[in-house]
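Undergrad: How does the following fold in three dimensions:
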Amino acid sequence: MSIQSKKILSFWEKWYPSLIAFILTFVFYSYCNDKVKAVVFTKEIVNTCITISGVLFGFLLTVLALLLQSESKSILLIKEYGRFGELVQFNKIAVYSAASTLILSFILLVTFDLSITQKAWLLLFNVLKYLWIFFVFSTMTKTYRYIDIFYTLIKE
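TA: The predicted model follows:
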């Protein structure tokens, strides 16, 4: 494999969850009608995201603890090739993303009950909503990336 191909694969491996999340957020913002957006931006949905993000946060930390204690052939081989740090980094990114989603969900939940009338605050509230959507999609894709690697490792 050429050096250029390795660079492209490395870039893709690192950034595809955020790129996919950005595209999904753009599609949601541009193409979903107001009824769908009204359903997504409800207290129930945001509350559910708080629950799911909290569970993911704990789950990912638990999985990391299992990996650190594992002596499987796959883990030993990854350590031998010096790529174990990358695996831990993917976990760290997914954990931080889940924590960020949890915090943004909580902020969004609190701001639902505020009576916002000023134009600048309405704009800020809309930015917060779409930032929240981005983080939800980003957390899903980053968690998927890590879990996919994890299950590939434990099945061998």
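Undergrad: Quick one: residues in contact with the worst-scoring helix or strand of the chain on mean pLDDT.
TA: Taking mean pLDDT, DSSP states H and E as the measure, the chain has helix 73-80 as its least confident helix or strand, at a mean of 86. Helix 73-80 is contacted from outside by 67, 84, 87, 152-154, 156, using CB atoms under 8 Å, 6 or more residues apart in numbering. Any C-beta I mention is one placed from the backbone N, CA and C, and that applies to glycine too.
Undergrad: Burial check on Ile147, number of neighbours?
TA: By other CB atoms under 10 Å, the residues close to Ile147 number 17.
Undergrad: what's the nearest residue to it if we skip its chain neighbours?
TA: Distance criterion CB to CB, 6 or more residues apart in numbering; nearest residue to Ile147, sequence neighbours excluded, is Val63 at 7.9 Å.
Undergrad: Isn't the one you found up against Phe150?
TA: Yes - applying CB atoms under 8 Å as the test, Val63 and Phe150 come out as touching, 5.9 Å apart.
Undergrad: Kindly list the longest helix within the chain.
TA: helix 119-155 (DSSP state H).
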